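Q: I would like the atomic coordinates for the input below:
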Amino acid sequence: MRKYLLTAAFALLPFGAAAQEVTIKMGHAASSQHLFQDGLEMFAEKVAAKTDGAIAIEVFGDRQLGDDKQLLEGLQIGLIEGALVSSPTLPLVLGIQAFDALQLPFAVQDYGQIAEVLGSDLGAELLATLDDKSIKGLGFVEAGQRHFLSRQPVASTADFAGLKTRIVPIPLHEATWHAVGVSPIGMAYGEVYSALETGTIDAVEINLSSVQSESLHDAAKHVTLTGHYFWPGIVMVSGRVWEGLSDEHKAALQEAAQETTAEAYAHAAAQEDDTRSYLEANGVTVTDLSDLDRMLELTAPVVTEWSDKDPLIGKFRDAYGAGQ
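A: Modelled structure (predicted):
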């Protein structure tokens, strides 16, 4: 298949006949073995099918097009055509606090519940907050429920006390982990392996899929299952690319993204047990937190506080319903 790489200038023009093949390059900051890669490949297949090959999505993992911050900044000015970016980066880089709704601690019960909410009109309302940032949000891909990877065993909530723990340094995460009792450290995702290996950090809150795909189990051997929140990535294209699409192709991308959201969450849920088995086979001790109720108790005030910070956060809390 001949692929024509979309340039900033071409993005300003409408896509013409279906015979014109256009490739939109989409990057993500995770490993090419990660669930984000799987999700973007699902999206690419659906876009190709729904546009009869007129639009092709080319996926670049392993931070080839940049980390989350670089991807977001590039999308805004049109230098990056498309990306899948971890949702916590959006409040940090774009200042859209509403995306904190996706990571209220212990608010979501399971993969099915968050997939249903994100696939609803409420999910579309959240994506629409990107419009003012020259970015078009299309859908969601899940990286996996978050747990705790550490260099030493963590059996109870008291064991979190003082552990130097890598977090994404947004206020919601800082408040959550201060409440739990760790010593939170902001650090780029690509630095986590070496920091664990050298003891610069003691632990990281992370999904099992990333522990496997980034080989973090070589640097730390203890996983404590907490399931404190999920880790949605946002599928998006630059506003310049979006404006260059015909109405027919816009509809095709949105439909493809909506279908991808549902399938990606089902895929992530199905992979959880397999990933745990892989880690255990590679010398990782995986245990449940003995007093998870205590962790919920400590973080409940954070949910209450954040639910009042943006109307959309309150709407998501209410939609989750069965959480804290």
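Q: contacts, neighbours, all on C-alpha from now
A: Fine.
Q: Looking at the protein, which helix is longest?
A: Scanning the chain for the longest helix, with DSSP state H as the assignment, gives helix 247-281.
Q: Following the chain onward from that one, which element is next?
A: Beyond helix 247-281 on the C-terminal side, the first helix or strand identified by DSSP states H and E is strand 285-288.
Q: Buried ones in that next one, by neighbour count?
A: 285-286 (16 or more other CA atoms under 10 Å).
Q: do the same with stretch 99-114
A: Judged by neighbour count using 16+ other CA under 10 Å, the buried positions of stretch 99-114 are 99-109, 111, 114.
Q: same thing with stretch 149-162?
A: Neighbour counts over stretch 149-162 (16+ other CA under 10 Å) mark 149-151, 153-155, 157, 160 as buried.
Q: what separates it from the chain centre, distance-wise?
A: Centroid separation for stretch 149-162 versus its chain: 25 Å, with CA atoms, centre = their mean, to the nearest Å.
Q: What lies in contact with it?
A: 180-183, 196, 202-206, 219-224, 287-292, 294-295 (CA atoms under 8 Å, 6 or more residues apart in numbering).
Q: Return the residues in contact with the most centrally placed residue in the chain.
A: Centroid-nearest residue in the chain: Gly233, 2.8 Å away (criterion: CA atoms, centre = their mean). Applying CA under 8 Å, 6+ apart, we find Gly233 in contact with 36, 84-87, 140-143.
Q: Next, the distance between the ends of stretch 274-288.
A: 17 Å (CA to CA, to the nearest Å).
Q: what's the offset of it from the middle of its chain?
A: The chain centroid and the centroid of stretch 274-288 are separated by 22 Å under CA atoms, centre = their mean.
Q: any idea of the mean pLDDT in that stretch?
A: Stretch 274-288 shows a mean pLDDT of 97 in the predicted model.
Q: try stretch 191-199
A: Averaged across stretch 191-199, pLDDT comes to 96.
Q: Next: stretch 71-82.
A: 97.
Q: Kindly check the end-to-end length of it for me.
A: End-to-end distance of stretch 71-82 (CA to CA): 8 Å.
Q: Which residues does that stretch contact?
A: With CA under 8 Å, 6+ apart as the test, stretch 71-82 has contacts from 6, 8, 24-28, 65, 83, 85, 90, 93-94, 133-135, 235-241.
Q: how about the helices of this structure, start to end?
A: In the chain, the segments counted as helices under DSSP H are 35-50, 68-77, 89-94, 111-118, 121-128, 171-180, 192-198, 208-213, 239-243, 247-281, 292-307, 311-320.
Q: so how far is the second one from its chain's centroid?
A: How far helix 68-77 lies from its chain's middle: 15 Å, per CA atoms, centre = their mean.
Q: and the closest residue in space to Ser86 that isn't next to it in sequence, what pLDDT?
A: Closest residue to Ser86 apart from its sequence neighbours, by CA to CA, 6 or more residues apart in numbering: Gly233 at 4.2 Å. On pLDDT, Gly233 comes in at 98.
Q: Could you report the distance from Gly233 to His34?
A: Gly233 is 12 Å from His34, where distance means CA to CA.
Q: Find residues that contact each of these two.
A: The contact lists of Gly233 and His34 share Ala143, where a contact means CA under 8 Å, 6+ apart.
Q: before we move on, the earlier item: show me just the buried residues among the contacts of stretch 71-82.
A: Buried, going by 16+ other CA under 10 Å: 8, 24-28, 65, 83, 85, 90, 133-135, 235-241, out of those.
Q: Let me know the angle separating the longest helix of the chain from helix 111-118.
A: 160 degrees (axes from the mean of the first three to the mean of the last three CA atoms, to 10 degrees).
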